[in-house]
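Trainee: Make a model of this:
(2 chains)
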2 protein chains.
Amino acid sequence: MPRYRLTVEYDGSPFVGWQRQDNGPSVQAALEAAVARFCGERPAIVAAGRTDAGVHAWGQVAHLDLVRPVATATLRDAVNFHLRPAPVAVIDAAEVSPDFHARFSATERCYRYRILNRMAPPAIRRGRVWWVRAALDLGAMAEAASILEGAHDFTTFRSTMCHAPSPEKTLDRLRVERRDDEVLIEARARSFLHNQVRILVGTLRLVGEHRWPVEQVGIALAARNRAAGGPTAPPDGLYLVSVRY
Amino acid sequence: MPRYRLTVEYDGSPFVGWQRQDNGPSVQAALEAAVARFCGERPAIVAAGRTDAGVHAWGQVAHLDLVRPVATATLRDAVNFHLRPAPVAVIDAAEVSPDFHARFSATERCYRYRILNRMAPPAIRRGRVWWVRAALDLGAMAEAASILEGAHDFTTFRSTMCHAPSPEKTLDRLRVERRDDEVLIEARARSFLHNQVRILVGTLRLVGEHRWPVEQVGIALAARNRAAGGPTAPPDGLYLVSVRY
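Mentor: This next block holds a predicted model:
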């Protein structure tokens, strides 16, 4: 039974998230339905990252097994055809070895968070960025970000609903840069805790607005307590950019 | 009576265009209604470019006169408040001299057209780009674009509904570049004919797909006949980027 890897882009706005749930449309269900309409098979589709409601993806990676082999270009085009009108697109399809696992084989996930940092609200980018009016101090945010890089117990920066067995993660990269009227925050790690990127961003925003001194971030990290961290940034600005294997 | 210049961003998708019309919501009407809700005055708002239905703007420029002077930051913030939920935002407001005219004082308009050039349809960028599957030949497109730069009779590249008294325009710049999975076409001129950028783009696409040889563009231009030009590209990919005075 051949296994296929799909690279998937989606606008997370209309979805309850990647994972199939009872309370609304999911990206997973949209993809599984499109595959069924294309070939009649109903394989489970497994993703690298189970993005939350409203979170977008430029390069989610998923895998599925099909009983009957199919040309990868056909798989991509047919699934895209049957996905309509859902805002989900298969960017690439490739045949992979049966031991490839979209979730467990991943060695690095890269997320990007977009803050629209200006006085006027978003128009074209509505639902795609987090609007923060106050001019952010990038220097302070970058300094705070560097405190968070590395191997830590990230209890302060995970949802209280997070089921991960351990709060210890290695944040390989947390970088802050300005591009035109946006502040971009890039986070790379082998894996993340639930809401980790959004809580990191919500905390860096406090530093960027000088509501928190830079040192407060280290204190919050050491507290190992969600209540010591900043608020969770909204999903609108978060993108799963790529997954490395 | 003080005059104000507004720099305006909008998502053109839900609008019949800039200009107030009977058949649906316009950006002009949305702005005029927001100004009225803010201060009770109902000035006409005049724009640099009367963009068509579905065309977006990053930096449309408009002017209006108010009887009672107002702080520019207040004007910006109050109009933005009252614009909700329309996807229109005033990026900047400034007081200008009474002889400033958003349309007639403009010395250059810059438009950008975004083509998503890949096999998969847009997901996050739906309604924001024109999807062209066939890999475009940028070299051929750039060569064709250079034929179109300069002062010409652009009859071939204007809508048959265009009311401009003369079809002669000077296209200061028509450049084609690739950025990731997009092909961007930038057009600069003092002013444009109706649908000019979209017909130029629709024609360059034919060249990029090798359905037209580069020389065909010069032949079409010389024909001075709309029927000799390529099709009109859809509005989704077109953005009024900036206006110079």
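Trainee: Which residue ranges make up the domains of chain A?
Mentor: A:3-96, A:108-244 (automatic domain parsing).
Trainee: Up against chain B, what does chain A have?
Mentor: A:9-11, A:56, A:58, A:73, A:76-77, A:80, A:84, A:87-92, A:118-124, A:126, A:128 (Cβ under 8 Å from any Cβ of the partner chain). (C-beta placed from N, C-alpha, C; glycine too.)
Trainee: swap the cut-off to 7 Å and go again
Mentor: A:9-11, A:56, A:76, A:80, A:87-91, A:119-124, A:126 (Cβ under 7 Å from any Cβ of the partner chain).
Trainee: among those, which are in strands?
Mentor: If you go by DSSP state E, these have A:Glu9, A:Tyr10, A:His56, A:Val88, A:Ala89, A:Val90, A:Ile91 in strands.
Trainee: how distant is stretch A:34-50 from the center of its chain?
Mentor: Offset of stretch A:34-50 from its chain centre (Cα atoms, centre = their mean, to the nearest Å): 20 Å.
Trainee: Now the strand ranked longest in chain A: buried residues?
Mentor: The longest strand of chain A (DSSP E) is strand A:168-179. Of the residues in strand A:168-179, A:Lys169, A:Leu171, A:Leu174, A:Val176 count as buried by neighbour count, 16 or more other Cβ atoms under 10 Å in any protein chain shown.
Trainee: what lines up beside it in the sheet?
Mentor: strand A:150-153 (antiparallel), strand A:182-189 (antiparallel) (DSSP bridges).
Trainee: May I see the buried residues of the shortest one?
Mentor: For strand A:150-153, a neighbour-count test (16+ other Cβ under 10 Å) marks A:His152 as buried.
Trainee: and if you look at stretch A:95-112?
Mentor: Result for stretch A:95-112 [16+ other Cβ under 10 Å]: buried residues A:Val96, A:Phe100, A:Ala102, A:Ser105, A:Ala106, A:Arg109, A:Cys110, A:Tyr111, A:Arg112.
Trainee: now those in a markdown table, with secondary structure, distance to A:Arg224 and pLDDT?
Mentor: Output for the buried residues of stretch A:95-112, formatted as a markdown table (DSSP: H, G, I helix; E, B strand; the rest coil; distance: Cβ to Cβ, whole Å; pLDDT from 0 to 100):
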| residue | secondary structure | distance to A:Arg224 | pLDDT |
| --- | --- | --- | --- |
| A:Val96 | strand | 38 | 98 |
| A:Phe100 | coil | 35 | 98 |
| A:Ala102 | coil | 31 | 98 |
| A:Ser105 | coil | 30 | 97 |
| A:Ala106 | coil | 26 | 97 |
| A:Arg109 | strand | 23 | 98 |
| A:Cys110 | strand | 26 | 98 |
| A:Tyr111 | strand | 22 | 98 |
| A:Arg112 | strand | 27 | 98 |
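Trainee: Which one of those residues is nearest to chain B?
Mentor: A:Arg112 (12.2 Å; Cβ to the nearest Cβ).
Trainee: wait, what's in contact with the closest one?
Mentor: Applying Cβ atoms under 7 Å, 6 or more residues apart in numbering or on different chains to A:Arg112 gives the contacts A:Leu184, A:Glu186, A:Tyr239, A:Val241.
Trainee: between the helix or strand hosting the third one and strand A:182-189, what angle do the directions make?
Mentor: By that I understand A:Tyr239. Per DSSP states H and E, A:Tyr239 falls inside strand A:238-244. Interaxial angle of strand A:238-244 relative to strand A:182-189 (axes from the mean of the first three to the mean of the last three Cα atoms, to 10 degrees): 40 degrees.
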